[in-house]
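Undergrad: Sequence and predicted structure below; questions after.
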Amino acid sequence: MRWKTPLIRGSLIRRYNRFLSDIRLEGTGEEVTAHCPNPGAMLGLKEPGLPVWVEPNDDPKKKLKYGWRLCELPGGHWAGIDTSVPNRVAAEAVADRAIPALAAYDSHRPEVKYGVNSRIDLLLSTAGLPDAYVEVKNVHLRREGTWAEFPDSVTTRGAKHLRELSDMVAQGHRAVMLYLVQRTDCDRLRLAEDLDPAYAAAFRAARAAGVEAICHRCEIDVDGVRIGPELPVEIA
């Protein structure tokens, strides 16, 4: 997945009101308000002075002319903060058969209705195999070592998805939680149980019911975001 327009480097002044951020652009020193496409806690990714990259747009329908996309991290690493990116990366990866666990499927459809007032991120199908219901989750929390953690805040919606995926397994389908780590400094995934114990409990129940858990790291740079290597998932 490539950015639509070249990104511009800046430094974060503040992130506020969940979906807004003030950023000072590099070179000109201009201060702009950018859309922050992330409703989560963004722990460790919202400190003032953090080097960030924004995507400009000239869409007359958009009030804000910049969207925050990336954070620069120590050691030459990157973090993506746009929670819509993993769905696009996953769709491209499935189409390219770049996720080995899902490579057997010929077609995929996004946003298919299922469960109770829900839409599955990707519904995969092919002759001779059960349909695969794939829920994609964005991961960008890192607090210790090289562990990526999910979630970064309480997500009742995420727990609901786990229960609905369990129902799909009970109906004879395949159900998959696909966690995409939008950080280049992590090499494994675990649950942030202290931040949302209810999600951790729902995750364990879903795994016991047959829901699969797959994790891949993303490759990230100023040109775009692509699927990276598979990472191990810790199930405690």
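TA: Here it is on my side, so go on.
Undergrad: CA atoms for contacts and neighbours, from now on please.
TA: Will do.
Undergrad: who touches stretch 4-11?
TA: 23-26, 48-57, 222-223 (Cα atoms under 8 Å, 6 or more residues apart in numbering).
Undergrad: Can you flag the buried ones in those residues?
TA: When neighbours are counted using 16 or more other Cα atoms under 10 Å, the contacts of stretch 4-11 contain these buried positions: 23-25, 50-56, 222.
Undergrad: Between which two of the residues you listed is the distance greatest?
TA: Using Cα to Cα, the buried ones among the contacts of stretch 4-11 span at most 18.7 Å, a distance reached by L50 and P56.
Undergrad: Show me the contact partners of stretch 90-104.
TA: Under Cα under 8 Å, 6+ apart, the answer for stretch 90-104 is 1, 106-108, 122, 126, 136, 226-227.
Undergrad: Let's have the residues you listed in TSV, adding secondary structure, neighbour count and distance to P86.
TA: As requested, the contacts of stretch 90-104 are exported to TSV (DSSP: H, G, I helix; E, B strand; the rest coil; neighbours: other Cα atoms under 10 Å; distance: Cα to Cα, whole Å):
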residue	secondary structure	neighbour count	distance to P86
M1	coil	17	9
D106	coil	13	20
S107	strand	13	18
H108	strand	19	15
L122	strand	22	12
T126	coil	13	23
V136	strand	23	7
R226	strand	20	9
I227	strand	22	9
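Undergrad: is it possible to export these to TSV including distance to L165 and pLDDT?
TA: Rendered in TSV, the data for the contacts of stretch 90-104 read as follows (distance: Cα to Cα, whole Å; pLDDT from 0 to 100):
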residue	distance to L165	pLDDT
M1	27	95
D106	21	95
S107	19	94
H108	17	95
L122	12	98
T126	19	97
V136	12	98
R226	26	98
I227	23	98
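Undergrad: Out of the residues you listed, the closest to G76 would be?
TA: Within the contacts of stretch 90-104, the smallest distance to G76 is 17.2 Å, found for R226 (Cα to Cα).
Undergrad: who's in contact with the spatially closest residue to the closest one that is not a sequence neighbour?
TA: Computed as Cα to Cα, 6 or more residues apart in numbering, the closest residue to R226 that is not its neighbour in sequence is E219, at 5.1 Å. Taking Cα under 8 Å, 6+ apart as the criterion, E219 is in contact with 182-184, 225-228.
Undergrad: if you set the cut-off to 10 Å instead, what comes out?
TA: 78-80, 181-184, 225-229 (Cα atoms under 10 Å, 6 or more residues apart in numbering).
Undergrad: What subset of those is buried?
TA: Members of these classed as buried by 16+ other Cα under 10 Å are 78-80, 181-184, 225-228.
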